[in-house]
Structure formats: structure tokens, C-alpha cells
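A.B. asks: Below is the sequence, then the predicted model.
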Amino acid sequence: MPLVNYQTFKEKEQFFKRHTINTIDEFNNWRDNYRDNPDKWYRTLSESKYRVYTSVQRSWITNDTICQRLRNRFNINCFNDYVFNLLELVKNNDAIHRYFDAQDIELNDALLFALLQHYGYPSPFLDFTYDLDTTLFFSIPDGGNLPLPTFTPNDSINDYFSVYVIDGRIDWFQCSMQRIEANGAANMERLLADIEGEVDTTEVQNQMRTLDYQTFSEQPFVMVDGPLMGVQQIQIPSLGFTANYHIENPRLDSQMGLFLCNPSENEVMEEVVYNTTNQTLIECFDIHKSLRQHIIDEFLTPNKITQETMYMENNPDTQRIKSLLNAALS
């Protein structure tokens, strides 16, 4: 089954509050109104026609090389088995454990999916960023390769790229994996105070400690806080339980990232959010590709937003992480 694209803007308007930006003045006014707003989170696709698939959905649908290799290796016949095998291969890799142990970082499922997402492997996570200029880097095709390819307008959806904007003040998006577990820990502490005798909480503690993806995959979608939130800690004092959620890697730091987790096999992000909430909660700004050079000259280059600063290829930790993931998933 091939990936499905939008053919017209009208198709997108079922799922998004959509706007069109065609001129430099329109773009500059929009940027001035949206930048430096901590409540706005951004994601950019270099083509407006693209639906917002997760990388693991794309991998499964197209049956790419990684998918074929794991299907053959583990006799995988369903999407969820594919996702969980990807996670387990990384989670159970001794070298990856040693790498994070050396940094005194507790492994959890969100940290591992963030690694997969940022280092070229499939995951159910979708990248967002807190920074508007950072997201504009991803309007450049081919991973930010310059110079830009020749662009010939044809008066269609193909003339545009898209910036998707989430308002983080909306309750649906405030509920991150980490915040859900923090609330769960507080509730458990209150419940235990009213219970006499012993209660076996081993399984629940393990789920909390690991940000267990199995638990969250039962939700239609959920946000994942990024490194700008710092190392988040939850506690259940009566159990002596403490867990530290450290979601960080060099690329995630440089891109000021956070994630939306979409566990669905069949529904893209916009369908999941709309079908769950019955609301068009995500804004879409379709921006004319003729403005990309203006974006590069006025915002990306002056702010040193480049392939190197975004992908950190020369960073030793980046090189080490790539090597570990390649070995774990080969």
C-alpha cells in the first residue's frame, strides 16, 4: 500500500485550521506574531501535500529495508509487533545500557524512541520544536542540503511547504507521558495512605519507571516533553520510589525538540487528533516555496541554523549513538 498525499488544500481543511502565506510581508508578520511564544510548538514538512505519518508508519507501509530485515528476522506479521521489536532490540542491547549507565541516565521507553527518531530509525514519535526558526530549517528539502533545487510554480498544493502549530495550553497537549506519570505517582501516594496491609505495586512501579510504551500505546496520542523541561523526577515516598525522566540526546537538544506520540498503524497525526477530540486543534500554515531563500538569508544563516548545528554529525556523542543503534538494529 503506498503512502497517501493530499491532492488539494480543501482536503487538509477537514483536519487543520489552515492559512496560506504567499508574500514576504505575510511571512514576516506571521513570524513576528508567533516567535518567542513558549506555548506554541512547531513541526514543518517540506511539502504541503504530505500527510503527517510517523516514521514507523512510513517504514511499515512502504516495507522499507529496515522493516523487511526485522520482518524476516522475527517473522513479524503485524504493525504492533514491528514497533515493539524495534523498541526491544534497543532496550535489551548491552552496549546501549553501558553508554547510558556511564552518564548515570536511567533508560526509559521515551528516551529510546527519541533516539530512534533522531538517528534515522522508525518510531511512533513525531518531532516538534519549541522554536519557530528551528522548524523552518526543515522547509529545506533533502535534509537541509543547499543550494535549493530549481522551483517552478504550478499554481497547486505542490507550490507550498507546511508549518504545523500546536497550542501547548490546550489540555489534550498538556498531558505528556511524564506529566501523566507524575499525576499517577501523586494519586498512588494518596491511595496507599488509605489502604491497610501490603499491596504489590511492583508492576505499576516498573511501568512508571520505564515510561512503559505498552501502557501509552493504548492512548490515541500523547505528548512527550523534551530536554527544555529538564530532568523530571517523580516520587512515591511511602514506597521509597523515585524515577528520573531524562529525555535527551545531542540532536534533540540542538533542535529544542519535543514529541507527539502516535501509536496508530493507520491514522496519521491529524486524523488521530481530530477523531479523538472532534475538534480542529492544530493550525497549518502553508507557505509558498518561493519564500525559502528569504528564510535562509534572513533567519537561518544569521542564526547559524545549518545542517551541522541541527544534525550534530561531528559531535562525538552523535557518532557514538549512531554506531550503537546501527549495531543493535543490524
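C.D. replies: Right, received. Where do you want to start?

A.B. asks: I'd like the next helix or strand past the helix-or-strand element of the chain with minimal mean pLDDT.
C.D. replies: Every helix and strand of the chain was ranked by mean pLDDT, DSSP states H and E. The lowest is helix 141-144, at a mean of 87. The C-terminal neighbour of helix 141-144 among helices and strands, as given by DSSP states H and E, is strand 160-167.

A.B. asks: Can you give the distance of the very next helix or strand once past that following strand from its chain's centre?
C.D. replies: Sequence order places helix 171-174 as the next helix or strand after strand 160-167, per DSSP H and E. Chain-centre distance of helix 171-174: 15 Å, with CA atoms, centre = their mean, to the nearest Å.

A.B. asks: Residue 96 against residue 90, yeah?
C.D. replies: Yes: using CB atoms under 8 Å, residue 96 is in contact with residue 90, at 6.0 Å. All C-beta atoms are positioned from the backbone trio N, CA, C, and that covers glycine.

A.B. asks: Who has more neighbours out of these two?
C.D. replies: Neighbour count, other CB atoms under 10 Å: between residue 96 and residue 90, residue 90 has more, with 23 against 20.

A.B. asks: who does the least confident helix or strand of the chain touch, helix- and strand-wise?
C.D. replies: Helix 141-144 sits against helix 307-311, with contacts defined as 3 or more CB pairs under 8 Å, 6 or more residues apart in numbering; DSSP states H and E.

A.B. asks: Now do the buried residues in the helix it packs on.
C.D. replies: 310, 311 (16 or more other CB atoms under 10 Å).

A.B. asks: How about stretch 96-109?
C.D. replies: Buried, per 16+ other CB under 10 Å, within stretch 96-109: 96, 99, 100, 106, 107, 108, 109.

A.B. asks: For the residue nearest to the last one when sequence neighbours are not counted, give me the pLDDT.
C.D. replies: In space, residue 109 comes closest to residue 213 once its chain neighbours are excluded; the distance is 4.1 Å by CB to CB, 6 or more residues apart in numbering. For residue 213, the pLDDT comes out at 98.

A.B. asks: tell me the contacts of residue 271?
C.D. replies: Contacts for residue 271 (CB atoms under 8 Å, 6 or more residues apart in numbering) come out as residue 15.

A.B. asks: cool, the one 10 residues further on as well?
C.D. replies: The contact partners of residue 281, taken as CB under 8 Å, 6+ apart, are 166, 167, 170, 172, 173, 273, 274.

A.B. asks: Run a quick neighbour tally on the first one.
C.D. replies: Under the neighbour criterion other CB under 10 Å, residue 166 is assigned a count of 22.

A.B. asks: residues in contact with it?
C.D. replies: By CB under 8 Å, 6+ apart, the residues touching residue 166 are 40, 41, 42, 43, 128, 173, 260, 281, 282, 283.

A.B. asks: part of a helix, is the fourth one?
C.D. replies: Read that as residue 43. No: with DSSP: H, G, I helix; E, B strand; the rest coil as the criterion, residue 43 is located in strand rather than a helix.

A.B. asks: Touching, it and residue 134? I think so.
C.D. replies: No: using CB under 8 Å as the test, residue 43 is too far from residue 134 to be in contact (10.7 Å).

A.B. asks: Extract the C-alpha trace of stretch 38-55 and format it as PDB.
C.D. replies: Extracted as PDB, the C-alpha positions of stretch 38-55 are listed here (Å, rounded to 0.1, in the frame of the first residue of the first chain):
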ATOM      1  CA  PRO A  38       6.600  29.200  24.700                       C
ATOM      2  CA  ASP A  39       3.000  28.000  24.300                       C
ATOM      3  CA  LYS A  40       3.500  27.200  20.600                       C
ATOM      4  CA  TRP A  41       5.100  24.000  19.300                       C
ATOM      5  CA  TYR A  42       6.100  23.600  15.700                       C
ATOM      6  CA  ARG A  43       6.600  20.900  13.100                       C
ATOM      7  CA  THR A  44       7.500  21.500   9.400                       C
ATOM      8  CA  LEU A  45       7.200  19.300   6.300                       C
ATOM      9  CA  SER A  46       8.900  20.300   3.100                       C
ATOM     10  CA  GLU A  47       5.800  19.500   1.000                       C
ATOM     11  CA  SER A  48       2.300  20.700   1.900                       C
ATOM     12  CA  LYS A  49       0.900  17.600   0.200                       C
ATOM     13  CA  TYR A  50       2.400  15.200   2.700                       C
ATOM     14  CA  ARG A  51       0.200  13.700   5.400                       C
ATOM     15  CA  VAL A  52       1.800  13.600   8.900                       C
ATOM     16  CA  TYR A  53       2.900  10.000   9.100                       C
ATOM     17  CA  THR A  54       5.200   8.700  11.800                       C
ATOM     18  CA  SER A  55       8.400   7.300  10.600                       C
END
